[in-house]
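Engineer: give me a model of this one.
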Amino acid sequence: MLSCYICRKKFSFKSDLLIHLEIHEEDKPFKCELCEKTFSEDCILTEHIRIHTGEKPFKCNFCKQAFSDRSDLTKHKRIHTGEKPYFCDTCETSFYTNRDLKIHKRIHKGEKPYACNICEKAFKNQSNLNVHKRIHTGEKPYSCDICRKSFTQVGQLIRHEMIHTGEKPYSCDSCEKSFHSKGELALHNINHTGEKPFKCYTCNKAFSQQSNLTVHYSIHTNKKPYSCNTCKKAFRTNGELTVHMRTHTGEKSFKCDICEKAFSHQSSLTVHERIHTGQKPYSCDACEKHFSRQNHLIIHKRTHTGEKPYSCDTCKKAFTQQGQLTLHKRTHTGEKPYSCVLCQKSFKTTSNMITHNKTARHLKKLESTKNADSPSASTSFVDCSESDVKLEIKEEETLDEDPLSINMEAESVEETIKQEIKEDEGIDSEEFV
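Structural biologist: Numbers count the residues shown, from 1 in each chain. Sure thing, here's the model as predicted:
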């Protein structure tokens, strides 16, 4: 134990003692020439100067992370060893440092001594308040050296840099899946336990995370507070808006190592990689069928339960998927939002338009357009024949029927096209019509 030479208060770590010494108004003859801060001892000044020089002589033999102070290294090593010597006498939770324990105890006391002078929101510790204030100032002091993206917290930067390095140091003991952070691993472990403690008071649907429940509530309220400045499209979460913005910027920073196909979102890349690995981690407990995406499993389960949660406001007909309902509504409105660029024929779905585009008559016209030598050549086309697009007519005859429960793993042309188009936006293919 280390003791303060002035008041004899004891500390476990030298860094805590150094912080404590600053409260004493004693003579501090040792002055930093860079920032003019003064210290009571020469050794304390030496350690302080490392802040300016960036020197970090103490390295972790587990992960090679370096520190400017030996006591910081000692605390860091406990992450690897799992040692947590400080216990809460109220709930028996353990911590790496005594400082973390003191902050934790404020949860039981309800103590939040640090308040924001702008919005008056209170926090348990000063560091959380400092991070919060950056919401008001817009400050993002931590930048990635590779892509220049900025962050409000150093922890966010560290996790972001792992995207570039591919490092995932935290592995699941049950399925060996790896994650960038300990928090991501903790959330993942809930998938194995099946625990869903957060329940919607409107429909009783349960979730494993509070954040997922918060997003779910917006389905009932229809609130979409996040709007795109470019096209004014609105979204339920800031994350959805961020992904959407990449459709305008064209940014695709997540690349497949096998085929080099690029994606705008990490989740889209993860799903794509399963095409190469053949991995289908989501299985139906009723028929043991496997799926590559969780939302595909959810839709499949409705074939067993008979659930049809999406109903038409006009005729009350119900459907298993939102996309089916959207298609059905067009039978009432007559809407045909997809048009052929050559003959201007309109369609209710993209798949039918693509089928039309593959007809012999259409391909011949397209080739004529490419080979045309005069402006008048582009206007010499005849209308596309209905006989060339029999599948389009069939769509009109069968649309009112309840579509078969779609096997989202099927390799049909329509679903493959939907998936390829929507992968880059990170949007479920069932929502795209």
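
Engineer: for the record, mean pLDDT for stretch 224-236?
Structural biologist: Per-residue pLDDT values over stretch 224-236 give a mean of 86.

Engineer: likewise stretch 332-349?
Structural biologist: The model assigns stretch 332-349 a mean pLDDT of 87.

Engineer: mind listing what's buried in that stretch?
Structural biologist: Tyr338, Cys340, Leu342, Lys345, Phe347, Lys348, Thr349 (16 or more other C-beta atoms under 10 Å). Bear in mind the C-beta positions are built from the backbone N, C-alpha and C, glycine included.

Engineer: can you check stretch 190-205 too?
Structural biologist: Within stretch 190-205, judged by 16+ other C-beta under 10 Å, the buried ones are Phe198.

Engineer: same deal with stretch 131-139?
Structural biologist: Val131, His132, Lys133.

Engineer: which parts of stretch 292-312 are buried?
Structural biologist: Ser292, Arg293, His296, Leu297, Ile298, Ile299, His300, Lys301, Thr303, Lys308, Tyr310.

Engineer: in strands only, show me those residues.
Structural biologist: Using DSSP state E, the subset of the buried residues of stretch 292-312 located in strands is Tyr310.

Engineer: need the max-distance pair from the buried residues of stretch 292-312.
Structural biologist: Farthest apart among the buried residues of stretch 292-312 by C-beta to C-beta are Ser292 and Lys308. That separation is 23.9 Å.

Engineer: ok, back up a step: kindly reformat the buried residues of stretch 332-349 as CSV and extend each row with secondary structure.
Structural biologist: As requested, the buried residues of stretch 332-349 are exported to CSV (DSSP: H, G, I helix; E, B strand; the rest coil):
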residue, secondary structure
Tyr338, strand
Cys340, coil
Leu342, coil
Lys345, coil
Phe347, strand
Lys348, coil
Thr349, coil
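
Engineer: now do the contacts for the nearest residue to His290 once chain neighbours are set aside.
Structural biologist: Among residues not flanking His290 along the chain, Lys280 sits closest, at 3.7 Å (C-beta to C-beta, 6 or more residues apart in numbering). Listed by C-beta atoms under 8 Å, 6 or more residues apart in numbering, the contact partners of Lys280 are Arg274, His290, Phe291, Ser292, Glu409.

Engineer: now the strands for the stretch 251-400 of the chain?
Structural biologist: Here the stretch 251-400 of the chain has its strands, by DSSP state E, counting those that start in this stretch, at 254-255, 262-263, 282-283, 290-291, 310-311, 318-319, 338-339, 346-347.

Engineer: can you tell me the strand partners of the third one and which way each runs?
Structural biologist: Which is strand 282-283. Note on strand 282-283: by DSSP bridges, its sheet partners are strand 290-291 (antiparallel).

Engineer: any idea of the mean pLDDT in stretch 287-303?
Structural biologist: The predicted model assigns stretch 287-303 a mean pLDDT of 89.

Engineer: can I get the CA coordinates of that stretch in CSV?
Structural biologist: The C-alpha trace of stretch 287-303 is given here as CSV (Å, rounded to 0.1, in the frame of the first residue of the first chain):
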residue,chain,number,x,y,z
CYS,A,287,-38.4,-28.9,-38.6
GLU,A,288,-34.7,-28.3,-38.1
LYS,A,289,-34.4,-26.4,-41.3
HIS,A,290,-31.4,-24.0,-41.3
PHE,A,291,-31.0,-20.4,-42.5
SER,A,292,-28.2,-18.0,-43.0
ARG,A,293,-30.2,-15.0,-41.6
GLN,A,294,-32.2,-14.7,-38.4
ASN,A,295,-35.0,-12.8,-40.0
HIS,A,296,-35.4,-15.6,-42.6
LEU,A,297,-35.9,-18.0,-39.7
ILE,A,298,-38.5,-15.7,-38.1
ILE,A,299,-40.5,-15.6,-41.4
HIS,A,300,-40.1,-19.4,-41.9
LYS,A,301,-41.5,-20.1,-38.4
ARG,A,302,-44.8,-18.5,-39.4
THR,A,303,-45.4,-21.5,-41.7
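
Engineer: run the chain-centre distance for that stretch.
Structural biologist: Taking C-alpha atoms, centre = their mean, to the nearest Å, one finds the center of stretch 287-303 at 22 Å from the center of the full chain.

Engineer: check stretch 51-64 too.
Structural biologist: 31 Å.

Engineer: measure it end to end?
Structural biologist: 19 Å (C-alpha to C-alpha, to the nearest Å).

Engineer: list the buried ones in that stretch?
Structural biologist: So stretch 51-64, judged by 16+ other C-beta under 10 Å, has buried residues Phe58.

Engineer: tell me the contacts of the closest residue to Thr202 other than its chain neighbours?
Structural biologist: Leaving aside its sequence neighbours, Thr202 sits nearest to His220 (C-beta to C-beta, 6+ apart; 4.9 Å). Contact partners of His220, counting by C-beta under 8 Å, 6+ apart, are Cys200, Thr202, Cys203.

Engineer: give the buried residues for the helix or strand in which Arg78 is found.
Structural biologist: Assigned by DSSP states H and E, Arg78 belongs to helix 70-81. Buried residues in helix 70-81, counting neighbours by 16+ other C-beta under 10 Å, are found at Ser71, Asp72, Leu73, Thr74, Lys75, His76, Lys77.

Engineer: nearest to Gly334, of those?
Structural biologist: Closest to Gly334, out of all of the buried residues of helix 70-81 and judged by C-beta to C-beta, is His76, at 65.6 Å.

Engineer: is it true that the closest one touches Gln65?
Structural biologist: Yes - counting by C-beta atoms under 8 Å, His76 touches Gln65, with 6.6 Å between them.

Engineer: circling back: same list, the buried residues of helix 70-81, but as TSV with pLDDT please.
Structural biologist: TSV is the format used below for the buried residues of helix 70-81 (pLDDT from 0 to 100):
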residue	pLDDT
Ser71	84
Asp72	85
Leu73	88
Thr74	87
Lys75	85
His76	87
Lys77	87
